[in-house]
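Undergrad: I'll drop the sequence and a predicted model, then ask my questions.
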Amino acid sequence: MPKELTYNKAFTQLEKLVEQIEDDTIQLDTLAAKVKEANELIVYCEDKLRGIEKEVKSAAAKLTTGARSKVKNKGK
Amino acid sequence: MPQAIKLSELAYEIQETMEARFEGETFWVTCEISDVKKYISTRRCYLKLVEREGNNTNTELRAVFWANYYNEIELFEKKTKQNFADGIEITCEVKVRFHPKYGLNLDVVKIDVAYTLGTIELERQKTLEKLVTENPKHIKLVEGNYITYNNKLSLPIVIQRIALITAPNSDGQRDFKQELEKNKHGYAVEVTEFLTQIQGDNAHQLILEQLQLVYSQKENFDMVAIVRGGGSQTDFKPFEDYELAKTVAIFPLPIYTGIGHDRNTSIVDMMAREHKTPTKVASKIIEHNFEFENSIIELKERLNQQVDFLIDNAKENIQDLKRLVKLASPANIMKKGFAIITIKDKIIIDPKNIEPNTEIDILLQDEIIYTTVTKKEKNAQRTNL
């Protein structure tokens, strides 16, 4: 998956993949890889919408940098 | 020694004279109000009626709303959406009264709300005109609607980082955050609060300062929400301010307003995207994110359908091939009465090497016939097969 993914990039890439998969000339041996990538993009969006990606990231950051955390008023 | 009288006698004399002139009469006056002190529990309001010439006050009289006229103030605030506060101009009906102890006072018995509404409307039209003429690139009036740089900004595909401008511990703040937190989709939204007084004389200035603060870190936010809520329908004034309206119109992040007026639209509302109440602003944000998720779900469904279709298709093709292979297998063909001819265990496809007297084997499904060729000629019946 590309670095620095954003909703926009994920969405455009997902649209492109679905269009490629819908193209009748798609080769079956490339299908699996494309479906896998599409599913990763879907999971990325769903997780990010619910803040799961962020939680994982901040948990990872805590593990590496100790208890340094930014206090923000979070609408959660 | 001069002949002196008691002070009360003089006061009585004044009172009598005043009464003789003013008793039973009322006067309509237009003036500015100042030193307004409202006592809500006893329903009284003390104030001064003033008239100015340039920077100088040339007339200043004390006035009072007694309890039975206090509803005039409430009516005024309800209808004009303005606080009855220092600095505004009103037209009101007064009685003149002199009291030996309290001196000269004007009892206010009525306020001409229409007069104030008229001045507010006039002021509003002036502000709107100024906004359009002085910012022609960013503010345009098109068929009765104000098209601004800000309200034409496209929204980010998902809204998750919100700068909230609101009053601390206010209903608006609570309603907005609650609506976001309890969203049924479980979307995560990060709210950074920029708290300030949001009504009163210099509220427009304070809101403007908060907007500037947001601007200084604008890359951290997807949008700005300006909300104010609760029951108070008064004090529309900060949102009619030219500078604030202009700043909103040219602000580089989309702005949603929810300043709690169901029927009226303020100038700031017109420069931004208006959603009336704090709760509606929050639900619009969630709705916006839901639209995005929906389009993801649609793509997911298209993907799954296509994958199912492709796999079914491939399975069918394999079935077809299997059938073909089966039909074409020698065993299957031999069942139908066909035979294979071999010479020394080698299958003969081309009969040109078979001459009379050649020993050939005829392989049938269950038996082999060993034989010698006696004669060979062209097959004239081949098309009949």
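TA: The structure has been received and is ready for your questions.
Undergrad: and for the nearest residue to B:Q82 once chain neighbours are set aside, the neighbour number?
TA: Among residues not flanking B:Q82 along the chain, B:K237 sits closest, at 5.6 Å (Cβ to Cβ, 6 or more residues apart in numbering or on different chains). In short, each C-beta sits where N, CA and C put it, glycine included. By the measure other Cβ atoms under 10 Å in any protein chain shown, the count of residues near B:K237 is 22.
Undergrad: ok, B:K237 - contacts?
TA: Shown in contact with B:K237 (Cβ atoms under 8 Å, 6 or more residues apart in numbering or on different chains): B:82-83, B:203-204.
Undergrad: all helices for the stretch 51-200 of chain B, in order.
TA: B:71-80, B:113-134, B:171-181 (DSSP state H, counting those that start in this stretch).
Undergrad: so the shortest one versus helix B:113-134, what angle?
TA: Read that as helix B:71-80. 30 degrees (axes from the mean of the first three to the mean of the last three Cα atoms, to 10 degrees).
Undergrad: buried sites along stretch B:341-359?
TA: Residues B:I341 are the ones in stretch B:341-359 that count as buried (16 or more other Cβ atoms under 10 Å in any protein chain shown).
Undergrad: restricting to C-alpha, output it in CSV.
TA: Extracted C-alpha coordinates of stretch B:341-359, given in CSV (Å, rounded to 0.1, in the frame of the first residue of the first chain):
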residue,chain,number,x,y,z
ILE,B,341,-5.9,-49.1,-36.3
THR,B,342,-2.3,-49.8,-35.3
ILE,B,343,0.6,-51.3,-37.1
LYS,B,344,3.2,-52.7,-34.7
ASP,B,345,1.5,-50.8,-31.8
LYS,B,346,1.7,-47.5,-33.6
ILE,B,347,-1.6,-45.7,-34.2
ILE,B,348,-2.2,-45.0,-37.9
ILE,B,349,-3.8,-41.7,-38.8
ASP,B,350,-2.7,-41.5,-42.3
PRO,B,351,-3.6,-44.6,-44.4
LYS,B,352,-1.1,-43.9,-47.1
ASN,B,353,1.4,-46.4,-45.7
ILE,B,354,-1.1,-49.2,-45.5
GLU,B,355,-0.7,-51.4,-48.5
PRO,B,356,-2.4,-54.7,-49.3
ASN,B,357,-0.8,-57.5,-47.3
THR,B,358,0.1,-55.2,-44.4
GLU,B,359,-0.7,-56.7,-41.0
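Undergrad: give me the mean pLDDT for that stretch.
TA: For stretch B:341-359, the mean pLDDT works out to 87.
Undergrad: again, but for stretch B:67-74
TA: 95.
Undergrad: ok now that stretch, how far from the chain's centre?
TA: 37 Å (Cα atoms, centre = their mean, to the nearest Å).
Undergrad: ok, and what's touching that stretch?
TA: By Cβ under 8 Å, 6+ apart, stretch B:67-74 touches B:38, B:42-45, B:65, B:84, B:107-111.
Undergrad: could you list which of these also contact chain A?
TA: Residues of these in contact with chain A (Cβ under 8 Å from any Cβ of the partner chain): none.
Undergrad: what does the model give B:N83 for pLDDT?
TA: B:N83 carries a pLDDT value of 85.
Undergrad: find the nearest non-adjacent residue to it, please.
TA: Excluding its sequence neighbours, the residue lying closest to B:N83 (Cβ to Cβ, 6+ apart) is B:D235, at 4.7 Å.
Undergrad: ok so B:D201 is a strand residue?
TA: No - under DSSP: H, G, I helix; E, B strand; the rest coil, B:D201 falls outside any strand and is assigned coil.
Undergrad: pLDDT value on it, please?
TA: B:D201 is given a pLDDT of 76.
Undergrad: and what of A:A61?
TA: 59.
Undergrad: also A:D29?
TA: 80.
Undergrad: now the residue in chain B positioned nearest to chain A: closest residue in space, sequence neighbours ignored.
TA: Per Cβ to the nearest Cβ, B:A188 is where chain B lies closest to chain A, at 2.6 Å. Nearest residue to B:A188 in three dimensions, chain neighbours excluded: A:G51, at 2.6 Å (Cβ to Cβ, 6+ apart).
Undergrad: burial count for the one you found?
TA: When neighbours are counted by other Cβ under 10 Å, A:G51 comes out with 19.
Undergrad: isn't B:V268 right next to B:T247, touching?
TA: No - judged on Cβ atoms under 8 Å, B:V268 makes no contact with B:T247 at a distance of 9.2 Å.
Undergrad: can you get me a residue count around B:L153?
TA: Count around B:L153 with other Cβ under 10 Å applied: 16.
Undergrad: any idea how far the closest residue to it other than its chain neighbours lies from B:I347?
TA: Leaving aside its chain neighbours, B:L153 sits nearest to B:P254 (4.9 Å; criterion: Cβ to Cβ, 6+ apart). Distance, B:P254 to B:I347, by Cβ to Cβ, to the nearest Å: 80 Å.
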